[in-house]
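In: Everything below, folded, please.
(one chain, ligands or ions: 1)
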Amino acid sequence: MGVKVAVNGYGTIGKRVADAILKQKDMTLVGVTKTKPNYEARLATERGINVYASSADSLKLFDGTGYRVAGTLDDLVSSADVVVDCTPGKVGATYKPLYEKYRVKAIFQGGEKHDTTGFSFNAYCNYKSALGRDLVRVVSCNTTGLCRVINALDKGFGVKKVRALLVRRGADPAENSKGPINSIVPDPVTIPSHHGPDVQKVLPNIDITTVALAVPTTLMHVHVLNMELNRDATEQEIIGTLSSYRRIRLFSSAEGISSTSEIIEFARDIGRHRYDLPELAIWKESIKSFGREIYLSQAVHQESIVIPENIDAIRAVARITEDPEESIRMTDESLGLGR
Ligand code: NAD
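Out: Numbering: from 1, shown residues only. As a prediction, this is how the structure comes out:
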């Protein structure tokens, strides 16, 4: 049976977290919440997942529809050891008192403020500090991508300074009313964007400034990083270091993968469900060294990059294992990540 986990909010992130939990031997998915009866609720039920209404009002929406609901969010939370909150940004924080009332450990997503939990998580960077905590926030997709690469290069060579330009997708594929459609939007126009300070919540000693733009694409984000290392590193040494992490995957333009659409096509070709690529994608040819100063370009599949981190966060708060390496290995093997 293992640790009993509930997922509140079954949208882009919630359905992926739920699927990933179903693949773990040491945890059980007790159920997910839906606000209304729609195809996602039907698919979840068909897959054998218990669906709960997100409130008493939403329960009424299921009346007479033929959809099977097991109860409300209160019923679900009271039967769980850990809840993974995947409700929209800023909605999650409103559920904190409920999670505290039922004394369940709660994992929030990057749309919530750091202060909601007082602890922002990345498995490579601070797993041990999350052990047994009641409240943890898994940082956003962009911050997760930045943390992965900065942590790898910091452990390998020492990182003195990071300057990064983030080109962000305008919307997720299913979001039909978000944009921009025909514009490049400095988002925000002020500097820094929130991503740099967010990285520092996980890696407090990193000097980082980020600038962000939103563009009309739904597939992935792209980051261009300029970094100063503590010592000289050749391109081959950097490639060697990055290649040792299963959650980082190097792509080569020489092999015909020189855009986000080709990365996604690769994910489709290797049979990834929903074309997910939870690994951080880095273009090999973009890695350029000028001694201690280096450049690289990377792409982040926003819908899936945080999924392995959520699974590790569950193991950390539930103290399933105190060893980050063990948790990361179990997660990566179960999700088929890596080389
Ligand atoms: P989403 O809108 O796709 O899914 C949210 C789900 O919660 C939907 O099913 C919605 O019906 C449901 N919901 C809405 N109000 C609710 C309520 N009051 N109670 C319970 N459920 C409710 O959102 P998402 O993209 O999955 O984002 C969830 C969280 O993950 C946010 O904090 C977001 O910032 C973060 N995140 C999103 C992405 C991404 O690219 N989509 C990446 C990383 C992190």
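
In: show me the contacts for K4.
Out: Neighbouring residues of K4 by Cβ atoms under 8 Å, 6 or more residues apart in numbering: M27, T28, V30, S79, A80, D81, V82. Glycine gets a C-beta too; all of them are placed from N, C-alpha and C.

In: Quick check: nearest residue in space to the third one, chain neighbours excluded?
Out: Which is V30. Nearest non-adjacent residue to V30, counting by Cβ to Cβ, 6 or more residues apart in numbering: K4, 4.8 Å away.

In: Could you list the buried residues of stretch 50-63?
Out: Judged by neighbour count using 16 or more other Cβ atoms under 10 Å, the buried positions of stretch 50-63 are N50, V51, Y52, A53, S54, S58, L61, F62.

In: ok, now stretch 314-329?
Out: I314, R315, A316, V317, A318, I320, T321, P324, S327, I328.

In: quick one: contacts of it?
Out: With Cβ under 8 Å, 6+ apart as the test, stretch 314-329 has contacts from 2-3, 5, 21, 26-27, 81-82, 84, 105, 107, 121, 123-124, 127-128, 130-134, 136, 246-247, 308, 311-312, 330-331.

In: Buried ones among those residues?
Out: Looks like those have 3, 5, 21, 26-27, 81-82, 84, 105, 107, 121, 123-124, 127, 130, 133, 136, 246-247, 308, 311-312, 330-331 buried, using 16+ other Cβ under 10 Å.

In: Out of the residues you listed, which sit inside helices?
Out: Applying DSSP state H to the buried ones among the contacts of stretch 314-329, the entries found in helices are I21, A123, Y124, P308, I311, D312, M330, T331.

In: farthest pair in those residues?
Out: Greatest spacing in those, by Cβ to Cβ: I21 and Y124 (20.6 Å).

In: touching the ligand at all, the longest strand seen in the chain?
Out: Using DSSP state E, we find that the single longest strand of the chain is strand 159-169. No: on the criterion Cβ under 6 Å from any ligand atom, strand 159-169 is out of touch with the ligand, staying 7.7 Å away.

In: Direction included, what does that strand pair against?
Out: strand 207-215 (parallel), strand 221-229 (antiparallel) (DSSP bridges).

In: any idea which of those is most buried?
Out: strand 221-229 (a mean of 20; mean count of other Cβ atoms under 10 Å).

In: On the pLDDT front, check the residue of the stretch 51-200 of the chain found nearest the ligand for me.
Out: Residue nearest to the ligand within the stretch 51-200 of the chain (Cβ to the nearest ligand atom): G111, separated by 2.3 Å. Note on G111: pLDDT of 98.

In: and it, what element?
Out: Using DSSP states H and E, G111 sits in no helix or strand.

In: number of nearby residues for it?
Out: Per other Cβ atoms under 10 Å, the neighbour tally for G111 reads 18.

In: check contacts around it.
Out: Contacts of G111 by Cβ under 8 Å, 6+ apart are P88, G89, K90, G92, S140.

In: Of those, which are in range of the ligand?
Out: By Cβ under 6 Å from any ligand atom, the members of the contacts of G111 lying near the ligand are P88, G89, G92, S140.

In: how much space between the closest residue to A171 other than its chain neighbours and R163?
Out: Leaving aside its chain neighbours, A171 sits nearest to K178 (3.6 Å; criterion: Cβ to Cβ, 6+ apart). The spacing between K178 and R163, counted by Cβ to Cβ, to the nearest Å, is 28 Å.

In: Get me the contact residues on the stretch 201-339 of the chain for the ligand.
Out: Near the ligand, when you scan the stretch 201-339 of the chain using Cβ under 6 Å from any ligand atom, you find Q302, E303, V306.

In: Which of K178 and R163 has more residues huddled nearby?
Out: Counted by other Cβ under 10 Å, K178 and R163 do not tie: R163 has more neighbours, with 17 against 13.

In: Including secondary structure and distance to K201, could the contacts of G111 go into CSV?
Out: Formatted as CSV, these follow (DSSP: H, G, I helix; E, B strand; the rest coil; distance: Cβ to Cβ, whole Å):
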residue, secondary structure, distance to K201
P88, coil, 21
G89, coil, 16
K90, coil, 17
G92, helix, 16
S140, coil, 11
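
In: what does the longest strand of the chain rub up against?
Out: Residues from elsewhere that reach strand 159-169 (Cβ under 8 Å, 6+ apart): 142, 146, 150, 153, 187, 193, 195-196, 199, 206-215, 217-230, 292, 302.

In: quick one: average pLDDT of stretch 285-303?
Out: 98.

In: Straight-line length of it, end to end?
Out: End-to-end span of stretch 285-303 (Cα to Cα, to the nearest Å): 25 Å.

In: From the chain's centroid, how far away is it?
Out: 20 Å (Cα atoms, centre = their mean, to the nearest Å).

In: quick one: buried residues of it?
Out: Neighbour-count burial for stretch 285-303 [16+ other Cβ under 10 Å]: I287, S289, R292, I294, L296, S297, Q298, A299, V300, H301, Q302, E303.
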